[in-house]
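Q: Generate coordinates for the sequence data below:
(2 chains)
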There are 2 protein chains.
Amino acid sequence: MANDWATFGSDLHLELRGPRLRAGLMDALREAVRSGRLAAGTRLPSSRSLAADLGMARNTVADAYAELVAEGWLTARQGSGTRVAPRASPRTPAPAVPVPPPAATGRDRPAAPAHSLKSGSPDLAAFPRAAWLKAYRRALTNAPNEAFGYGDPLGRIELRRALGEYLARARGVHARPERIVICAGFVHGLELMGQVLRARGVRNVAVESYGLALHDGLLRRAGLRTPVLGFDERGTRTGELTEVRDCGAVLMTAAHQYPLGGALPPERRAAVVDWARASGGLVLEDDYDGEFRYDRQPVGALQGLDPEHVVYFGTASKSLAPGLRLGWMVLPQDLVEDVVAVKGAADWASSTPDQLAFAEFLRSGAYDRHVRAMRLRYRRRRDQLVAAVAAHSPGTAVSGIAAGLHAVLTLPPGTERATLRAAAWRGLTVQGVDQFRRPGVPVTLEGLVVGYATPPDSGWQGALRALCGILP
Amino acid sequence: MANDWATFGSDLHLELRGPRLRAGLMDALREAVRSGRLAAGTRLPSSRSLAADLGMARNTVADAYAELVAEGWLTARQGSGTRVAPRASPRTPAPAVPVPPPAATGRDRPAAPAHSLKSGSPDLAAFPRAAWLKAYRRALTNAPNEAFGYGDPLGRIELRRALGEYLARARGVHARPERIVICAGFVHGLELMGQVLRARGVRNVAVESYGLALHDGLLRRAGLRTPVLGFDERGTRTGELTEVRDCGAVLMTAAHQYPLGGALPPERRAAVVDWARASGGLVLEDDYDGEFRYDRQPVGALQGLDPEHVVYFGTASKSLAPGLRLGWMVLPQDLVEDVVAVKGAADWASSTPDQLAFAEFLRSGAYDRHVRAMRLRYRRRRDQLVAAVAAHSPGTAVSGIAAGLHAVLTLPPGTERATLRAAAWRGLTVQGVDQFRRPGVPVTLEGLVVGYATPPDSGWQGALRALCGILP
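A: Next up, the predicted model:
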């Protein structure tokens, strides 16, 4: 096994590119495991010795190991060191979006960490199988024959009508069906929009200080630059938009900042819309979890303030399940043609039976019932999280709790990395805020992003105990 | 109404770009209808006067009108001229792939032509709703919870295993599950492959003389050039591959040339593989209708000859329904990582419940049963087509009939356009071979591409009669 490592290690420097050493190291390790160059069971060198070999800080290596343990690529046991996880070769690559590790029933997977509080997923065990199946059956039975043909790039009219009614009622969105485009989730929608913006001559799309690297990365791959707006305790400093040179659009999670959790205050919401009107810019509103509000009236979508300057993105990934690959955009009228042209040319349509099933699910009231049930479930978990943290770690602040599927636990300066390592060691998958920090943003915040919706009910209490065990 | 037209007509020249005037004119007209600039009922100028206005040949305008009538955008009635179809505004744009007009049950659609023999679609009325629903129910009931999460960019392992077995058995494809990537149809797969090839430094991808403009257009949008291989009565002249400078790949419909219908002869198949081995090039094999063979043993996939040099593309769009958006690629081992990287970064995954349902459909034997039933149905139609043409137009040769969902009727030189106009006038949608001719290929062939699978059983005899009525 030492040989395996030695052979691999000598090539490793070739794989490391770019400034983000930890991410590069993680990619190289994943790649080596996936390709079989590092076989299951192979013992990796200690973080100290690998760091010395590679000329990296030891923390960088230790962090990469810890994250890969959390993702299930590696195992770490006291006394046995860090090893490639059993049956991890060949393994499927890491998905591009936050994802919980496979449940215990999954086959062909390495042993999963015991608990996941990774954000970005609803409780998959709560997917309403019977209700969805009922909607699917009705939809399939009643579908006209043409529904089985090549789809309209806009999406099925039945679904666009049902969404239009729902979004107006639940999110205050002005959503006439002819402005709605069905897509395969937010990332798909953002990719389409990136192409459209680039083709319209947009150069810069401002982003928030914290968010998913996947999102700004996608915009950059479309040829756009992504200047970063500042951030303070009240949220994203949208007033800075007027200072960003040549800014054509801004990507926002206005109703519930991802991952930090706040709602944009009214005057900052107004500033975004004012900027868009004055400059002709576009607001890309990622309303990823707008359904989940607990303690107060929902914050309406920004889109309601100015439908001609806001592109509204919604998704069934949090409210139902990511596996359905169903999302939607509500577009300013003059963007519809451009989006359809890009989407149609690439044959990007979601399954029409699925679209009809979702339309039926919305129309029948099943979606409202499911969202209400999940809201109660997640609110209960949130309350238990707040109570448990108060009991076990009274000094830890819990924020971003008015809405959504996750909360942020603030950690004392200098402790985030160690806390994440402790979590990995205990088999708990959880993310630090630092991994959402966009390039160039100073570190002013340390903490954990706790996806309390992620575990199944049966795993929730265990995950919560594991979490409390690593808090100061 | 004259005003509507006049306002619109004065802008029209702005919309016409590129050498393909007819396509440009059609796009401009569709765009004008879609955007509402040309309202439903608006009478268009005669083809003669518009041709004079635009400095085009009258035939170009007449052809564009006829095709738009066939697509349902315009109506043409003797005595009433050519008008924008009722309820065509705003209308959904023409899909990017061949599609039959909406069935009579479709709402929100303009009046459809009475008959469609447009190629590229199976009989949508024959979609096996009950069997599919059964598979979907079983799949949804038995799915592990993680199936509802963000998917593996490769696709579900259950489906890749079922496909691997099926493809080996039915198409002679070497298809280990870890080399299979699920995608949303052929065009999606080709788009991914275009990005991968470009990133690997490929410059030129050779294409056949006849094919869908969508496909070579997609490769060019990925930054690739698409030199065209010659064609003779025996099929694509694959021997020319060695003469194409700097050619990194070739896109082929080897088992059943689309749309001309022949199978590539053995020595030309060998020439493709020899070229790929000698040059390190890749064969992109579009096996779009490999299931449908009538008079002889199936022609196995090229991929079986050399799995390390052939990318095999398959789809459920012809064998089941395009609306499912399910396709698959079988990749040479060293391409898997690249494809997954491109696909994963864009969050491109098909619905996991659908993937599991298709796996169940394959495993249970329902797919085999459906394909057998459809093969009988299409073969019967093909026989009736051959007999009807022989009876009504004995001079018309019918070719490409050993396989697939369409046949080619050869027309006398100089008559294809007039025949298409006659078809449109009679409410019959059918395509000419010329619209599949790739840029620069000389006109040596005139004829109709007859998609005999397209109509429902109830419409087949009527469509056949309408077809016979326009033959010489």
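
Q: can you give me the strands for the stretch 351-472 of chain A?
A: Under the criterion DSSP state E, counting those that start in this stretch, strands of the stretch 351-472 of chain A are mapped to A:398-399, A:407-410, A:428-429, A:431-432, A:447-450.

Q: tell me the domain ranges of chain A?
A: Following automatic domain parsing, one finds the domains of chain A at A:1-88, A:128-364, A:369-468.

Q: among those, which is the most enclosed?
A: domain A:128-364 (a mean of 21; mean count of other Cβ atoms under 10 Å in any protein chain shown). Where C-beta positions appear, they are placed from N, C-alpha and C, glycine not excepted.

Q: Let's test this: mean pLDDT of that one, rounded?
A: What domain A:128-364 shows for mean pLDDT is 93.

Q: Then stretch A:406-415?
A: Here stretch A:406-415 scores 96 as its mean pLDDT.

Q: ok, the spatially closest residue to A:Thr415 that is not a sequence neighbour to A:Thr419 distance?
A: With Cβ to Cβ, 6 or more residues apart in numbering or on different chains as the criterion, A:Thr415 has its nearest non-adjacent residue at 6.4 Å, and that residue is A:Glu446. A:Glu446 sits 8 Å away from A:Thr419, going by Cβ to Cβ, to the nearest Å.

Q: who touches both of the two?
A: A:Leu411, A:Gly432 (Cβ atoms under 8 Å, 6 or more residues apart in numbering or on different chains).

Q: contacting residues around A:Leu163?
A: A:Ala175, A:Pro177, A:Ile180, A:Gly314, A:Trp328, A:Ala359, A:Leu362.

Q: A:Val299 too?
A: By Cβ under 8 Å, 6+ apart, the neighbours of A:Val299 are A:Ala254, A:Ala255, A:His256, A:Ala263, A:Leu264, A:Arg293, A:Ala403.

Q: One more pass at 6 Å, please.
A: A:Ala255, A:Ala263 (Cβ atoms under 6 Å, 6 or more residues apart in numbering or on different chains).

Q: do the one 10 residues further on as well
A: A:His309 makes contacts with A:Ala276, as judged by Cβ under 6 Å, 6+ apart.

Q: Would you mind listing what in the stretch 151-300 of chain A touches chain B?
A: By the rule Cβ under 6 Å from any Cβ of the partner chain, the part of the stretch 151-300 of chain A lying against chain B is A:Asp152, A:Leu154, A:Ile157, A:Glu178, A:Gly185, A:Val187, A:His188, A:Glu191.

Q: Which of these fall in helices?
A: A:Ile157, A:Val187, A:His188, A:Glu191 (DSSP state H).

Q: if we can go back for a sec, can the residues of the stretch 151-300 of chain A next to chain B go into JSON lines with extra columns for distance to B:Pro113?
A: Conversion of these to JSON lines gives the following (distance: Cβ to Cβ, whole Å):
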{"residue": "A:Asp152", "distance to B:Pro113": "18"}
{"residue": "A:Leu154", "distance to B:Pro113": "22"}
{"residue": "A:Ile157", "distance to B:Pro113": "20"}
{"residue": "A:Glu178", "distance to B:Pro113": "24"}
{"residue": "A:Gly185", "distance to B:Pro113": "36"}
{"residue": "A:Val187", "distance to B:Pro113": "38"}
{"residue": "A:His188", "distance to B:Pro113": "33"}
{"residue": "A:Glu191", "distance to B:Pro113": "35"}
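
Q: ok, for A:Cys226, nearest residue in space, not its chain neighbours?
A: Slight slip there: residue A:226 is Thr, not Cys. Per Cβ to Cβ, 6+ apart, closest to A:Thr226 is A:Asp216, 4.3 Å.

Q: Go ahead and flag the most central residue of chain A.
A: In chain A, the residue lying closest to the centroid (Cα atoms, centre = their mean) is A:Gly120, at 4.5 Å.

Q: Local confidence estimate at that residue?
A: Taking A:Gly120 on its own, its pLDDT is 91.

Q: that's a helix at it, yeah?
A: No - looking at A:Gly120 with DSSP: H, G, I helix; E, B strand; the rest coil, it is coil, so not inside a helix.

Q: And it, how close does it get to chain B?
A: 8 Å (Cβ to the nearest Cβ, to the nearest Å).

Q: just A:Glu285 next, same as before
A: Going from A:Glu285 to chain B by Cβ to the nearest Cβ gives 18 Å.

Q: Same question for A:Asp274.
A: Counting by Cβ to the nearest Cβ - A:Asp274 and chain B are separated by 29 Å.

Q: Could you do A:Asp334 as well?
A: From A:Asp334 over to chain B (counting by Cβ to the nearest Cβ), the distance is 10 Å.

Q: Could you check how far the residue nearest to that residue when sequence neighbours are not counted is from A:Ala39?
A: Leaving out its chain neighbours, the residue that sits closest to A:Asp334 by Cβ to Cβ, 6+ apart is A:Glu308, at 7.8 Å. A:Glu308 is 57 Å from A:Ala39, where distance means Cβ to Cβ.

Q: does chain B sit close to stretch A:138-148?
A: Yes - for stretch A:138-148 and chain B, the contact criterion (Cβ under 6 Å from any Cβ) is met by A:Leu140, A:Pro144, A:Asn145, A:Glu146, A:Ala147, A:Phe148.

Q: Using JSON lines, please lay out the residues you listed together with secondary structure.
A: Compiled in JSON lines, the residues of stretch A:138-148 next to chain B are given as follows (three-state DSSP):
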{"residue": "A:Leu140", "secondary structure": "helix"}
{"residue": "A:Pro144", "secondary structure": "coil"}
{"residue": "A:Asn145", "secondary structure": "helix"}
{"residue": "A:Glu146", "secondary structure": "helix"}
{"residue": "A:Ala147", "secondary structure": "helix"}
{"residue": "A:Phe148", "secondary structure": "helix"}
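
Q: quick one: is the helix ranked longest in chain A near chain B?
A: Ranked by residue count under DSSP H, the longest helix found in chain A is helix A:366-392. No - figure legend: helix A:366-392 not in contact with chain B (Cβ under 6 Å from any Cβ); closest approach 12.8 Å.

Q: and that helix, how far from the chain's centre?
A: How far helix A:366-392 lies from its chain's middle: 19 Å, per Cα atoms, centre = their mean, to the nearest Å.

Q: who's in contact with A:Arg137?
A: B:Leu133.

Q: about what we covered before: what kind of secondary structure is the residue nearest to A:Thr226 in?
A: Assignment for A:Asp216 (three-state DSSP): helix.

Q: Next: A:Val311.
A: strand.

Q: Cross-check the contact I'm expecting between it and A:Asp287.
A: No - in this structure A:Val311 lies outside contact range of A:Asp287 using Cβ atoms under 6 Å: 10.6 Å.

Q: follow-up on the earlier one: I'd like to know how far the residue nearest to A:Asp334 sits from A:Leu163.
A: Going from A:Glu308 to A:Leu163 by Cβ to Cβ gives 19 Å.
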